[in-house]
Each structure stands twice: as structure tokens, then as C-alpha cells.
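Build the 3D model from these lines:
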Amino acid sequence: MTNLKTFAKALCVAGLLAVPTGMTNAVAEEKSEFSVCWSIYVGWMPWGYLADSGIMKKWADKYEISVDIVQINDYVESINQYTAGQFDGCSMTNMDALSIPAGGGVDTTALIVGDFSNGNDGIVLKDATELAAIKGQSVNLVELSVSHYLLARALDTVGLSERDLTVVNTSDADMIAAYATDDVTAVVTWNPLLSEIEAQANATKVFDSAGIPGEIIDVMMVNTETLADNPAFGKALTGAWYEVMALIASDSDEGKAARESMAVASGTDLAGYDAQLATTEMFYAPADAVTFTQSAELPNTMKFVAEFLFDKGILGEGAPSAEFVGVAFPDGSVFGDADNVKLRFDTSYMQMAADGAL
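Purely as a prediction, here's the structure:
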């Protein structure tokens, strides 16, 4: 099982890959050849389809550039390679973008806000039906991942904290086998693992990401300076993405075939992939992505994320507070240090798609 959303390595990554403030690893210049990377996850499967179907090439040709789309089997490694300047863009969550590239000094822009988890991540208890029963238990999860973040947010809802339980770092590859043992009574994980575990007779999902809608966000992040110097890159990526979004959202035979292709590529069937899409709030229409990204809730979400990362000691090397890294939003506001903005939510290209201007 590929590591989908974990950044357990981030304890050292932010320090090892850190670069001086004001610098980025990727060479920012006008160019014609670009590459982006992605890893297996329901909301990112369209990137593989873009490459295989020729849709990416069509849009790249329109802007007289080339865009290589590369699948990386290890999610954290894909972010590491992007942070090191080996790729111009990478699919990642908002939390991982803040902790690894932005925390490491690489100025990064959220080009395409693709979806948020709306039930794809969850907490399962064995022989218990209420979240409060988690108190005193050992909880198996991928430490310092979105699962860890989900647990922290869930505990807040029942007046508990991580001090009330014991976190056991467990690889996603081992999660299903771990749950089958008598010793494991609580797990936090994501689909498709979540669905498999929840199907067990003694399992009850007591909290999922639908309880914190809009907080676990899946994004195509790109190097800010590369984007600024090469708007054709942003236009080609965005145009290709929303062509596929319209396709898979349709009831057409072509749309079904596209989803089936993505299902097979992710190791499931069409029914399984559609079930995962049902717990993913996909922004099929660019206007919906723009509305979400411009919402007043997003700054609050990033504040929660920054506080979590700082509390875990992974918000950049030597970060003095949760406001160490500045996060800029479409209205010009900034959470954190306005003199150290390294993560930017920009709706410009998604708005072009919504206006039919690509």
C-alpha cells in the first residue's frame, strides 16, 4: 500500500531541505519544459489519466510547452523531490504543503484546489460506538499525518486531548493487519483502508473528516516563482485538469470509462472508486473551487493546521511560533509572518477556467 498522505518523515525533512528565506530550490525562469508529480489517492487519480489520455499534451501544445506528469509511489518522497526542485509542481495536502516545502523555505502556490476529504479519513473503534470511549486506549495511526491531525480535531469535540490516550505509530501498509489483532482497539486511517476496517463486524466508525469539512484539502501545489515567470504552465495545467473534471462528473460513457481507468490504476474497481469519490468533496466546477478558496473559513483552517504542526515541532526548523510561516489568501490577507510568506492560495487560474478564459 502506497503512503498516500503521510509525512512521518517530516520530522527531519523540514530541517534537511530548508533553504534561506527568500530563496527557492527550483530555478525560476522562463522555460518551455515542465514536470509535476503525483501519488495514488482518489482525488489525484485524474493526474495519471491526464497523462495517459493525451489531454495534458493537448493543453500543453496549445501553449507551446511540454508538461511531464510523473507518478511517484511514495507520497512523502514526491513532496521531498518537489521541495528539492526536481519538479515544478506536486499534488499534496494543505498541511503537508505548509510543513514541508513552505516550512522549508520554498515559496509555493496552491494552483488547483481539487477537493477536500468529506469522510475519506476516519476513526474506528473496536467494540465501542462512541468517540469518548477512546479515552485511555492505544490508537494506531500514521504519526504526524492527516490521521494524526484528524484525531486531534476529533478529541477537541469530546473534551479530550492526546494526553488522554497513547498514539502508536503504524504504517498504512500494516493498518488492516494490525486491526485484526486483539491488542489493537482503535485506529485512524483513510480510504480505502478505512472502508475495509469499518466493514469488520466489531468495528464502528465514530468520527470522520465530514466532521471537519474543508480542513483536509488536496491541492496541486506549484513553485511560485516558476508560475510567475511561466503563466502558460499554470494555464495548461488548469485547463487540462478541468477538462477531466467535466468528463468524470458526467454521466456519459466517456466519463464512466475515465473513472473506470482511474479505478484500475488505483487498485480498485469502478464501484470502489465511485464510493471513494462519494466521501470526497470534489470541485468539479472551477467556480466551486474559487468559492471555497476565497471563503472566510480557509484562514481559520490554516490557523488550526499551523498550530498543530507547531505543537508537533514540524513547522520549519527553529519555528518560534505557529505564525512562523506566512500563508497568503486571495483577498490579500495573511496568516502568520507577512515577511515570510511561503504558501499562497491564488484563485487566478481557477477563475480563468471558470470564465472560459483558458
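
Distance-wise, check the residue lying farthest from the centre of the chain relative to residue 127.
Going by CA atoms, centre = their mean, the residue of the chain most distant from its centre is residue 182, 32.1 Å out. According to CB to CB, to the nearest Å, residue 182 stands 11 Å off from residue 127. Every C-beta, even on glycine, is put in place using the N, C-alpha and C of the backbone.

now do residue 268
28 Å.

of the two, who's got more company?
Neighbours around residue 268 and residue 127, counted as other CB atoms under 10 Å, are more numerous at residue 268. The numbers are 18 against 10.

Run through who's touching whichever strand or helix holds residue 352.
Assigning secondary structure by DSSP states H and E places residue 352 in helix 348-354. Outside helix 348-354, the residues that touch it by CB atoms under 8 Å, 6 or more residues apart in numbering are 111-113, 234-235, 237-239, 241-242, 285-287, 289-290, 293, 358.

Buried ones among these?
111-113, 234-235, 237-239, 241-242, 285-286, 289-290, 293, 358 (16 or more other CB atoms under 10 Å).

Out of these, which is nearest to residue 197?
residue 113 (28.7 Å; CB to CB).

is it true that that closest one touches residue 291?
No: counting by CB atoms under 8 Å, residue 291 is not a contact partner of residue 113; they are 10.1 Å apart.

Return the set of buried residues in the helix holding residue 352.
349, 350, 351, 352, 353, 354.

Check stretch 46-64 too.
Applying 16+ other CB under 10 Å to stretch 46-64 flags 46-51, 53, 55-57, 59-60, 63 as buried.

Domain map for this structure?
10-116+216-354, 121-211 (automatic domain parsing).

Any chance of TSV for these, columns mean pLDDT?
As requested, these are exported to TSV (pLDDT from 0 to 100):
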stretch	mean pLDDT
domain 10-116+216-354	91
domain 121-211	94
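
Could you look over these and pick the most buried one?
domain 10-116+216-354 (a mean of 20; mean count of other CB atoms under 10 Å).

Please state the offset of that domain from the chain centre?
In terms of CA atoms, centre = their mean, to the nearest Å, the centre of domain 10-116+216-354 is found 7 Å from the chain centre.

just stretch 207-217 next, same as before
Counting by CA atoms, centre = their mean, stretch 207-217 comes out at 12 Å from the chain centroid.

hang on, the earlier thing: take the contacts of helix 348-354 and keep only those in helices.
Under the assignment DSSP state H, these contribute 234, 235, 237, 238, 239, 241, 242, 286, 287, 289, 290, 293 to helices.

where's the third one relative to residue 201, distance?
This means residue 237. On the measure of CB to CB, residue 237 and residue 201 end up 45 Å apart.

Could you do the fourth one as well?
When CB to CB is the yardstick, residue 238 and residue 201 sit 46 Å from each other.

Could you do the fifth one as well?
In this structure, residue 239 and residue 201 are separated by 48 Å, where distance is defined by CB to CB.

leaving aside the residues next to it on the chain, what's closest to residue 301?
residue 215 (4.9 Å; CB to CB, 6 or more residues apart in numbering).

Count the residues that sit near that neighbour.
24.

doesn't it fall inside a helix?
No: secondary structure assignment (DSSP: H, G, I helix; E, B strand; the rest coil) places residue 215 in coil, not in a helix.

Secondary structure class of residue 36, three-state.
strand.

Parallel or antiparallel, which strands does the lengthiest strand in the chain pair with?
In the chain, taking DSSP state E as the definition, the longest strand is strand 108-117. When pairing is defined by DSSP bridges, strand 108-117 lines up against strand 217-223 (antiparallel), strand 280-282 (antiparallel), strand 341-345 (parallel).

will you turn those strands into a markdown table that also has distance to residue 91?
Shown next, in a markdown table, are these (distance: least, CB to CB, whole Å):
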| stretch | distance to residue 91 |
| --- | --- |
| strand 217-223 | 5 |
| strand 280-282 | 13 |
| strand 341-345 | 15 |
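
of these, which approaches residue 321 most closely?
Nearest to residue 321, of all the strands paired with strand 108-117, is strand 341-345, at 14.9 Å by CB to CB.

contact partners of that closest one?
97-98, 101-103, 105-110, 113, 224, 293, 298, 302, 325-330, 334.
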